[in-house]
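Novice: got a predicted structure here, sequence first:
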Amino acid sequence: MDFGQLLISGLTSGMVYGLVALGYHIVFRATQLIDFAQGEKAAFGGLAALALLSAIGDHPWLALVIVAVGGYVLGWLYERAVLRPIYDRPAMVPIIATVGVAQFVYFGDGLIWGNSALPFPYSFGGDRSAAVTLGSLRIPVERIWVWVLVLAVVTASSLFFERSRRGQAMIAAADNRLGAQLSGINVVAMRSQAMSIATMLALLGGALIAPFTLAGGAIGLAIAVKSFAGAMIGGLGSPYGVIIGSLIVGVTESLAAGYLSYGYRDPVAFSLLLLVLLIRPQGIFGGLRARVG
Amino acid sequence: MAQHGFISVGFVFAGLLIFGAVAPFEMIYPIQVLSLAGLIAIQAVGLNLLIGSTGQISLGQVGFAAIGAYLSGGLLKMEHWPFELAFVCGSMVAALTGVVVGFSALRLRGQYLAMATLAFGGIVFGLVYELEITGGPLGMLRIPPMSIFGYRLLSPQDKFLAIWLVAAIVTAAMLSLLWSRIGRALAAIRDDEVAAAALGINVARYKISIFVIAAALSGISGAMYASYLGGIAPSRFGLNESIALLVVVTVGGLGSIPGTIVAAVLLTALPEFMRQYEIYRPTAYAAALVLLIVLFPGGLGQVLAWADRYIVAACRLLPIRLRTRPDALGAS
């Protein structure tokens, strides 16, 4: 296959991983947890948007607003019902619980919408057939849209955590609970809001990316692992790092699929995660150091 | 870690073995279902030992079973090795892989180890799916049956008894391990690694050993599985199967080996009675996983512990003297 086309398709799937990885980053910053359900939330967002659009007709922006509000509410529920009772339990309890939620959403999606990915015949911006040609490469305008959008979300999240008082309070609440409480930060509220925001972003991301990747279907734990690989390569604590890391994963697996065999796509991407965890667990960009070992 | 419920699970084992020995031929279907439950139980005991005793987690446990199954199956089928040798070889290589993964696991804690093992399971799955020698997506067919010293286990009853005997031996071995000095060292590590190290416990060695034991148990289960079914395919060793194992462990109760055995039997047998709801099973199991871990982490182990107390109390009423360890029933 042509190297350029492999690169473009790798960059696009890399952006999907980037969106999920950004969710890991936000949850991690605000709670020091890793939410295994992040990928499934995104898949659910795409499917929910599809169902909404076919119910209310072609009003993409209205659908996005409903998905965002719904995501915020679901995130609140999720935190309240599942995570809040178990923050202080041994480390494996939140892991098992979020894996359980991921499986629940995955199989639940399958029950409602079936197990294969669905075409997403709506667009969130402009003409679907427009494309930019660079030499022999053809890049659809829609794809550029997604790249811009993901970058906007990254910048917004980075500004939120670095510049806003609330973002700083969330980091403080995650970093040192007692210290944050003594400084008058409502730790419980910060965690709850962080989970709501992360869930909302995951659902929105899933909805926005659905026109290119199809909605739902083969998300599952594989994307959770690959996005996590991206987050770890870039450094879980750095918002730009997780995106760059995810792009690296996307391109690597796309090249492996093109030059080795399609079946080696997943093993190669998973090996990247093992490599980075063992060799450079703080990631290329370091950022906020994750205590890995 | 006191293993509450070991008396009740002893009854469960006795009941299963007697059932396997006397069941008439018409009972072939339950026997087959319970045989699979036994294979799952062997793996789940290993995973629960890992989670409950040293606080490590593995979300790719089935990867070790795949190694045991494919290696043992391949040696039997292509090299015509005797079953005993192929079985030992498959389990040993699974255990050796466990050494490698266990060494890496030492550097990772909690959620990172969970992701790394998930990736390990995914890699093994991808390889058996893609390689030619494993038969690709179709898998490996016509694997010779289990045999012991020339006696071929062909009837369902024989297979059932072999599987549950191994499960009983494994359970007894793990319980005696946990009741020994080693078990107390493991409990110290789980509660506080630094304090355990300060007491002179070699934390790294214990953690790797437990990882290797869990991997070996998965390998044993996988090797028996290949010969039991006579054919294996990659779809039996996917990521979702590893999570299904986690469901068994959670329903059994984190750290409770008796609970794990009963959970393996119940969760494998129950769907057979509810065939018409089969499509809801994965979703229901996932919901059960979340509910139990949040609300009732003791799981079935807790229930068995209560059952044990009733049994002991009943024995006190009768003129039977039970000699029990003071810590074994939570009396202390």
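Specialist: Happy to help now that I have it. Treat the numbers as computed from the prediction; the structure is a model and nothing was measured.
Novice: over to B:L59: give its phi and psi.
Specialist: phi -100, psi 10 (degrees, to the nearest 10).
Novice: which stretches of chain B form strands?
Specialist: All strands of chain B, identified by DSSP state E, fall at B:147-148, B:151-152.
Novice: now distance to chain A, mean neighbour count and mean pLDDT too, for the ones you listed, in TSV please.
Specialist: For the C-beta atoms, the positions are set from N, CA and C on the backbone; glycine is no exception. Shown next, in TSV, are the strands of chain B (distance: least, C-beta to the nearest C-beta, whole Å; neighbours: other C-beta atoms under 10 Å in any protein chain shown; pLDDT from 0 to 100):
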stretch	distance to chain A	mean neighbour count	mean pLDDT
strand B:147-148	34	16	86
strand B:151-152	36	10	86
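Novice: relative to B:I261, which of those strands is closest?
Specialist: Of all the strands of chain B, strand B:147-148 sits nearest to B:I261, with 23.0 Å by C-beta to C-beta.
Novice: got the contact list for A:L274?
Specialist: B:104, B:116, B:119-120, B:123 (C-beta atoms under 8 Å, 6 or more residues apart in numbering or on different chains).
Novice: now with 10 Å, please.
Specialist: Counting by C-beta atoms under 10 Å, 6 or more residues apart in numbering or on different chains, A:L274 makes contact with A:229, A:232, B:101, B:104, B:108, B:115-117, B:119-120, B:123.
Novice: what's the closest of those to B:E79?
Specialist: Distances from B:E79 to those, taken by C-beta to C-beta, are shortest for B:I123, at 25.0 Å.
Novice: can you report how many residues neighbour that closest one?
Specialist: Residues lying near B:I123 (other C-beta atoms under 10 Å in any protein chain shown) number 20.
Novice: where along the chain do the helices fall?
Specialist: No chain in the question, so chain A it is. Counting by DSSP state H, chain A has these helices, from start to end: A:3-31, A:38-56, A:60-78, A:92-113, A:141-163, A:165-175, A:177-182, A:187-213, A:220-234, A:239-259, A:265-279.
Novice: my bad, the chain I had in mind was chain B
Specialist: For chain B, the helices defined by DSSP H cover B:6-22, B:28-54, B:62-78, B:83-106, B:110-130, B:156-178, B:181-191, B:193-198, B:203-229, B:239-252, B:257-273, B:281-295, B:299-317.
Novice: got the contact list for the shortest one?
Specialist: Among residues not part of helix B:193-198, those counted as contacts by C-beta under 10 Å, 6+ apart are B:54-55, B:109, B:185-190, B:192, B:201-204, B:206-207.
Novice: that helix: how far from the chain's middle?
Specialist: Here helix B:193-198 is found 28 Å from its chain centre; the criterion is C-alpha atoms, centre = their mean, to the nearest Å.
Novice: that older thread, reformat the helices of chain A as CSV; add mean pLDDT.
Specialist: As requested, the helices of chain A are exported to CSV (pLDDT from 0 to 100):
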stretch, mean pLDDT
helix A:3-31, 84
helix A:38-56, 89
helix A:60-78, 92
helix A:92-113, 91
helix A:141-163, 81
helix A:165-175, 87
helix A:177-182, 89
helix A:187-213, 85
helix A:220-234, 84
helix A:239-259, 90
helix A:265-279, 88
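Novice: most tightly packed of the ones you listed?
Specialist: Sort the helices of chain A by mean neighbour count, taking mean count of other C-beta atoms under 10 Å in any protein chain shown, and helix A:220-234 sits at the top with a mean of 28.
Novice: contacting residues for B:L246?
Specialist: A:92, A:95-96, A:99-100, A:103, B:44, B:47-48, B:51, B:57-59, B:61, B:114, B:289, B:293.
Novice: picking up where we left off before, could the strands of chain B go into TSV alongside distance to A:G110?
Specialist: Below are the strands of chain B laid out as TSV (distance: least, C-beta to C-beta, whole Å):
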stretch	distance to A:G110
strand B:147-148	41
strand B:151-152	41
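Novice: could you measure the spatially closest residue to B:T97 that is not a sequence neighbour against chain A, distance?
Specialist: Excluding the flanking residues, the one nearest B:T97 by C-beta to C-beta, 6 or more residues apart in numbering or on different chains is B:I67, at 5.7 Å. Using C-beta to the nearest C-beta, to the nearest Å, B:I67 is found at 14 Å from chain A.
Novice: give me the neighbour count for B:I67.
Specialist: For B:I67, the neighbour count with other C-beta under 10 Å is 27.
Novice: list the buried residues in stretch B:88-95.
Specialist: Residues of stretch B:88-95 classed as buried by neighbour count (16 or more other C-beta atoms under 10 Å in any protein chain shown): B:89-95.
Novice: count of neighbours near A:S116?
Specialist: Neighbour count of A:S116, defined by other C-beta under 10 Å: 10.
Novice: how near is it to A:D109?
Specialist: Here the criterion is C-beta to C-beta, to the nearest Å. By it, A:S116 lies 11 Å from A:D109.
Novice: just B:V294 next, same as before
Specialist: 22 Å.
Novice: how about A:Y264?
Specialist: Relative to A:D109, A:Y264 is positioned 27 Å away (C-beta to C-beta).
Novice: same question for B:F120.
Specialist: Look at B:F120 and A:D109: by C-beta to C-beta, they are 26 Å apart.
Novice: would you confirm that A:F120 contacts A:W113?
Specialist: No - the pair A:F120 / A:W113 is not scored as a contact, 11.9 Å apart, by C-beta atoms under 10 Å.
Novice: overlap in contacts of these two?
Specialist: Residues touching both A:F120 and A:W113 comprise A:46-47, A:50, A:215-216, with contact defined as C-beta under 10 Å, 6+ apart.
Novice: if any of the contacts of helix B:193-198 are buried, give me the PyMOL selection for them.
Specialist: Of the contacts of helix B:193-198, the buried ones go into a single PyMOL selection, burial set by 16+ other C-beta under 10 Å:
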select buried, chain B and resi 54+55+109+185+186+187+188+189+190+201+203+206+207
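Novice: tell me the one of the contacts of helix B:193-198 nearest A:M170?
Specialist: Distance to A:M170 across these (C-beta to C-beta) is lowest for B:R109, with 22.6 Å.
Novice: phi and psi next, for the closest one.
Specialist: phi -110, psi 160.
Novice: what parts of the stretch 201-332 of chain B come near chain A?
Specialist: Applying C-beta under 10 Å from any C-beta of the partner chain, we find that the stretch 201-332 of chain B lies next to chain A at B:238-240, B:242-244, B:246-247, B:249-250, B:254, B:279-295, B:297.
Novice: okay then, goodbye and thanks.
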